[in-house]
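J.: Test case, fold it:
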Amino acid sequence: MSTAAAAPTRPRRAFSSLPRRHALLGGTTTRRDVSTALRHLGVPRSLADGPAIEAFEKSFAAYVGVRHAVSFAAGRVGLYGILRSLGIGTGDEVLVPLPTHIVVANAVRYTGARPAYADCDLSTYNIDLEQAERRLTTRTRAMLVQHTFGIPVAMEDAMAFADRHGLALIEDCVHALGAVVHGRRVGTFGRAAFFSTEETKTISTTMGGVVTTNDDELAGSLRAFQRSCEPQSASQAARYLIKLAVYHALTEPRAHVLARAAYEIGGSRHPLPRPTEASELHGERPRHFARRLSNGQAAVGLTQLAALAANLDHRQRIAKVYQELLASNGFRLPVSPTTAIPAYVRYPVWVADRSAVQKAMRARLVLGTWFTSVLEESVDPRYGDYLPGSCPCAEEVARHLVNLPTHGRVTERDAAEIAARLIAITQ
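T.: Numbers count the residues shown, from 1 in each chain. Presented below is the predicted three-dimensional model:
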């Protein structure tokens, strides 16, 4: 990293004015979302089932630009449903790009199929198609492409690859709601795509996922799978909405110091639902894996979709601040395809010594560290059938990448101060 470039001029508000351990990794929700959640909590019969589910699915499909959207309790359930609907099972292989989350690998493994891991391109953190070609066998049936951090895959190349090898193409859009390639939103290119509305994603229903497709037959199969999934109980739906309200309060910058401390003291003892169960971290299937999205969550999703344009515009402005300040100081930043418009759910930055950077930043900001493993959150990547050393670029990502917040509670001044602090501690 260059040491010659001068640090940018600091804005009038000093970084030290940000609250200690500033809540800049949360903040997807707004007061309006919390009001929607509280309204449904006040009418228990509206929590589990109701008209908001269908309305949310229709609005989601219209936004992405597809004929069908089918909701589930999590994006991983949607991926599992896609694979089942495509007839993928025991003896088959699915190309899975790394780095990714253990739950993605699990969804493949739960069908009886085997994930065949493909390494990433270090300029985008997306799939390296040359490496993917080396993983192909006669048993490969499908291919996932992950729009990592909201950086779109070069879909023209990916579709040509899938067509050439007779593979079903599935888009992993969990980071990338609103990203565009060749004038089309991601989620419209493959046989199907899956999105996440988990609490750290572009929009949040605390937990949730949506599958999109233009394939009528596949949509029919996904609807049948959705009907076979366990419905949310009113109590479970209530816990998700309560968590949404609590998480919103927890990530309020002025309250964050005390709220975060209380949350961390509670540790594993707090009663709020967690995004990933312990069994999933070991590559096992939890008992209540296949569930539907609840009506109360869908209502919050509708509220968030209504504000999505402003949400994405804000993230673009914040990412631009990081890009301009860090690029001018020699940082290694992601490169998006020229035909694409990213939708950064977080902004990834390569650092030489991540532990040192985290420690230096910790007094003011808890840095994001998605992908500290090639299979994020796994107890060990081998639980996802990963062979250590087989994807060296993804392993490098897991050692060097940090990510910066882009959500609505981060101001452009905050972003400038975060960038200035990174520059100061690494040069």
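J.: give me the number of residues near Glu284?
T.: Residues near Glu284, counting by other CB atoms under 10 Å, number 15. For the C-beta atoms, the positions are set from N, CA and C on the backbone; glycine is no exception.
J.: That one: what's it in contact with?
T.: Applying CB atoms under 8 Å, 6 or more residues apart in numbering, we find Glu284 in contact with Asn106.
J.: Which helix or strand contains it?
T.: Secondary-structure assignment from DSSP states H and E places Glu284 in no helical or strand segment.
J.: now do Gln323
T.: helix 308-327.
J.: who does that helix touch, helix- and strand-wise?
T.: strand 346-350, helix 412-426 (3 or more CB pairs under 8 Å, 6 or more residues apart in numbering; DSSP states H and E).
J.: Burial-wise, tell me which of those comes out on top.
T.: Sort the helices and strands packed on helix 308-327 by mean neighbour count, taking mean count of other CB atoms under 10 Å, and strand 346-350 sits at the top with a mean of 23.
J.: Between helix 308-327 and that strand, find me the angle.
T.: 20 degrees (axes from the mean of the first three to the mean of the last three CA atoms, to 10 degrees).
J.: still on that earlier bit, can you add mean pLDDT and distance to Gly87 and give the helices and strands packed on helix 308-327 back as JSON lines?
T.: Compiled in JSON lines, the helices and strands packed on helix 308-327 are given as follows (pLDDT from 0 to 100; distance: least, CB to CB, whole Å):
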{"stretch": "strand 346-350", "mean pLDDT": "97", "distance to Gly87": "35"}
{"stretch": "helix 412-426", "mean pLDDT": "93", "distance to Gly87": "46"}
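J.: in the stretch 251-400 of the chain, what spans have low per-residue confidence?
T.: Where the stretch 251-400 of the chain drops to pLDDT under 70, the residues are 252-270, 363-364.
J.: where exactly do the helices run in it?
T.: For the stretch 251-400 of the chain, the helices defined by DSSP state H, counting those that start in this stretch cover 256-266, 278-281, 295-306, 308-327, 354-361, 392-400.
J.: And those: which comes nearest Trp370?
T.: helix 392-400 (9.7 Å; CB to CB).
J.: Would you mind pulling the contact partners of that closest one?
T.: 98-99, 117, 119-122, 125, 128, 131, 350-352, 354, 371-374, 388-389.
J.: How about stretch 112-122?
T.: 83, 88-99, 105, 108-109, 126-128, 131-132, 135-137, 139-141, 148, 374, 384-387, 390-394, 396-397.
J.: quick one on the thing from earlier: buried ones among the contacts of helix 392-400?
T.: 98-99, 117, 119-122, 125, 128, 131, 350-351, 354, 371, 373-374 (16 or more other CB atoms under 10 Å).
J.: Roughly how far does the most centrally placed residue in the chain sit from Ser196?
T.: Residue closest to the mean C-alpha point of the chain, counted by CA atoms, centre = their mean, is His175 at 3.6 Å. Counting by CB to CB, to the nearest Å, the separation of His175 from Ser196 is 8 Å.
J.: before we move on, what about Val211?
T.: 11 Å.
J.: ditto for Gly81
T.: For Gly81, the distance to Ser196 - CB to CB - is 14 Å.
J.: Could you dump the helices and strands packed on helix 308-327 into JSON lines and include distance to Tyr322?
T.: Below are the helices and strands packed on helix 308-327 laid out as JSON lines (distance: least, CB to CB, whole Å):
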{"stretch": "strand 346-350", "distance to Tyr322": "5"}
{"stretch": "helix 412-426", "distance to Tyr322": "6"}
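J.: just to revisit the earlier point, so which of the helices of the stretch 251-400 of the chain is the most packed in?
T.: Comparing those by mean count of other CB under 10 Å gives helix 295-306 as most buried, with a mean of 24.
J.: Centre of the chain to that one, how far?
T.: Computed by CA atoms, centre = their mean, to the nearest Å, the chain-centroid distance of helix 295-306 equals 18 Å.
J.: what residues does it touch?
T.: 28-29, 32-33, 36-37, 39-41, 46-53, 55-57, 59-60, 63, 71, 197, 203-208, 232, 237-238, 240-241, 244, 293, 311.
J.: and if we set it to 7 Å?
T.: 32-33, 36-37, 40, 46-50, 52-53, 55-56, 59-60, 63, 71, 197, 203-206, 208, 237, 240-241, 244 (CB atoms under 7 Å, 6 or more residues apart in numbering).
J.: Pull out the buried members of these.
T.: Buried among those (16+ other CB under 10 Å): 33, 36-37, 40, 46-50, 52-53, 55-56, 59-60, 63, 71, 197, 203-206, 208, 237, 240-241, 244.
J.: Show me where this protein has its strands.
T.: Counting by DSSP state E, the chain has strands at residues 68-72, 93-97, 100-101, 114-118, 140-146, 168-172, 180-181, 184-185, 192-196, 209-213, 340-341, 346-350, 375-376, 401-405.
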